[in-house]
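Q: have a look at this fold, sequence not included:
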């Protein structure tokens, strides 16, 4: 991990989990640092993944999980036929627009998590063949799952970015710090 995650305060589990989630988001955001839409949409490996597609997928996935935890219908409903669209920018979408969308999702995630009385509070998982029947999970599980999902794709993004132009996560951390002054 090229950055150190600082929890908000000793014993603040919610703050620590949100900080780790944000650190993983940062890894994926850094992977697209300085790229044009064309470069971010390239697929430099045998995979169908692009950096822009990963950003879109992670943003949509986070939003969907938080809406599930809130008991809301998904704002972006994907079916088996449209699932692939969560991994690619469509004609009117841009990397900058997707990053802005993700910023809004992240803000709503934090607001929701900070509003729940306890990380032990639960929500029902959707009915799906890969979940146990009538399963419930805690808000803690939700945060850990979002960290897991984002970290997995941040790792994919590291490989894709290095394949595009040779830049590693460490180089991108330095580049980001220089840009911030």
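A: Sure thing, it's come through. No experiment lies behind these values; they were computed from the predicted model shown.
Q: secondary structure element for residue 110?
A: Assessed by DSSP states H and E, residue 110 sits inside helix 95-115.
Q: identify the residues contacting that helix?
A: 14, 17-18, 21-22, 25, 29, 32, 35-37, 40-41, 51-52, 55-56, 58-59, 62-63, 66, 69-70, 89, 139, 142-143, 146 (C-beta atoms under 8 Å, 6 or more residues apart in numbering). Every residue, glycine included, has its C-beta placed from N, CA and C.
Q: buried among those residues? Make that a PyMOL selection.
A: Selecting only the buried entries of the contacts of helix 95-115 in PyMOL, with 16 or more other C-beta atoms under 10 Å as the criterion:
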select buried, resi 14+17+18+21+22+25+29+32+35+40+41+51+52+55+56+58+59+62+63+66+69+89+139+142+143+146
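Q: so which of the contacts of helix 95-115 are in helices?
A: 14, 17-18, 21-22, 25, 29, 37, 40, 51-52, 55-56, 58-59, 62-63, 66, 69-70, 139, 142-143, 146 (DSSP state H).
Q: list the buried residues for the worst-scoring helix or strand of the chain on mean pLDDT?
A: Using mean pLDDT, DSSP states H and E, helix 169-180 stands out as the lowest-scoring helix or strand of the chain, at a mean of 90. With burial defined by 16+ other C-beta under 10 Å, the residues of helix 169-180 counted as buried are 169, 171, 172, 173, 176.
Q: which single one of the residues you listed is nearest to residue 130?
A: residue 169 (30.6 Å; C-beta to C-beta).
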